[in-house]
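S.K.: Show me the folded form of this:
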Amino acid sequence: MSADHPDEHTIIEELAAIFRRARGPRAGEARHALFESLAELERRAGLRGASDGTLGRVSESRFLAGLLRESVSPIRTQTVRATRQLLTACPDPRTVCETVAQA
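M.R.: Residues are numbered from 1 along each chain as shown. Below is the predicted model:
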């Protein structure tokens with residue numbers, strides 16, 4: 001299939017649209033949705049007979065989104081200031097541990 005085939009342009013436009021939507025929230029659900037969208041686009045591109053170059057772009061994007069989905073976990077971090085305030089307000093270590101665990 002030639003690179004200027006209408007399906008090729010449609011697939012690339014869909015890929016760009018997926019990335020535009022992915023610029024929003026970075027929550028876990030958004031990362032999973034990005035991966036699922038790219039996996040679906042890759043499947044459709046294969047069914048449409050997209051060129052190797054286009055399939056490669058979509059596949060690489062899906063692969064990288066999969067790495068992002070698996071490697072980034074939502075970890076709440078405590079700032080130094082917040083930790084210092086906790087220690088100042090509750091000098092008892094057991095209270096501090098219980099308060100941090102609840103946060």
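S.K.: and the next element down the chain from the helix or strand where Ala16 lies?
M.R.: According to DSSP states H and E, Ala16 maps onto helix 6-22. Per DSSP H and E, helix 6-22 leads on to helix 28-48 as the next helix or strand towards the C-terminus.
S.K.: so who does the nearest residue to Ala45 once chain neighbours are set aside touch?
M.R.: Spatial nearest neighbour of Ala45, excluding adjacent residues (Cβ to Cβ, 6 or more residues apart in numbering): Ile11 at 4.9 Å. (Each C-beta comes from the backbone N, C-alpha and C, glycine too.) The contact partners of Ile11, taken as Cβ atoms under 8 Å, 6 or more residues apart in numbering, are 41, 44-45, 48, 50, 54, 58.
S.K.: would you list these in JSON lines and tack on distance to Arg21, pLDDT and neighbour count?
M.R.: Below are these laid out as JSON lines (distance: Cβ to Cβ, whole Å; pLDDT from 0 to 100; neighbours: other Cβ atoms under 10 Å):
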{"residue": "Leu41", "distance to Arg21": "12", "pLDDT": "93", "neighbour count": "20"}
{"residue": "Arg44", "distance to Arg21": "17", "pLDDT": "92", "neighbour count": "15"}
{"residue": "Ala45", "distance to Arg21": "18", "pLDDT": "92", "neighbour count": "23"}
{"residue": "Arg48", "distance to Arg21": "21", "pLDDT": "89", "neighbour count": "15"}
{"residue": "Ala50", "distance to Arg21": "21", "pLDDT": "89", "neighbour count": "24"}
{"residue": "Thr54", "distance to Arg21": "20", "pLDDT": "90", "neighbour count": "22"}
{"residue": "Val58", "distance to Arg21": "15", "pLDDT": "91", "neighbour count": "24"}
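S.K.: Noted, bye for now.
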